[in-house]
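Asker: one predicted model, sequence on top.
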Amino acid sequence: MAGADGSIAESEWNGIVNYIRRLKIYDNFSGPAFDKLFDKLFKILKKDGPSALVNASAAELSDDLKLTAFACAVDIALADGVLEEEEKDIINQLAEVLGVPEQTAISIIEVMIIKNKA
């Protein structure tokens, strides 16, 4: 997952931005609003690392979006078809912080593995 090791390539960042812009929840966001949001997230990642970004992001989510956020994070992590150890650690932390039940997390991961094989 981009940023799991505390660094992120511009191409990875652009991929995440494009992925998130396609989500319905952000339909009303303007370019400047996106820029502000992503600047904030990127600063947290660079300054405090991926765990801090996970915690900060989770704290801002309403309960009805937690499963969606988890599924999106898994989808992004599996975009290259491989889930590295650092990515697994972040996904596990995210599931815990978001309160995703273990069996639900496993099911989401399995579905995203199937989705990202294509």
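Answerer: Received, thanks. These numbers were taken from a predicted model, which means no experiment stands behind them.

Asker: buried sites along stretch 42-50?
Answerer: By neighbour count with 16 or more other CB atoms under 10 Å, stretch 42-50 contains the buried residues 42, 44-45, 50. Backbone N, C-alpha and C define where each C-beta goes, glycine included.

Asker: for stretch 61-68, same thing?
Answerer: 66-67.

Asker: for this protein, which spans come out with low pLDDT?
Answerer: Applying pLDDT under 70 to the chain flags the ranges 1-9, 11, 118.

Asker: which parts of it are helices?
Answerer: 10-21, 31-48, 50-60, 66-77, 85-98, 102-115 (DSSP state H).

Asker: out of the ones you listed, which one sits most buried?
Answerer: helix 66-77 (a mean of 20; mean count of other CB atoms under 10 Å).

Asker: report the angle between that helix and helix 102-115.
Answerer: Orientation check (axes from the mean of the first three to the mean of the last three CA atoms, to 10 degrees): helix 66-77 against helix 102-115 gives 40 degrees.

Asker: before we move on, the earlier item: which of the buried residues of stretch 42-50 sits closest to Phe29?
Answerer: Phe42 (16.2 Å; CB to CB).

Asker: what sits closest to the most centrally placed residue in the chain if chain neighbours are left out?
Answerer: Centroid-nearest residue in the chain: Ala73, 3.2 Å away (criterion: CA atoms, centre = their mean). For Ala73, ignoring the flanking residues on the chain, the nearest one in space by CB to CB, 6 or more residues apart in numbering is Leu94 at 5.6 Å.
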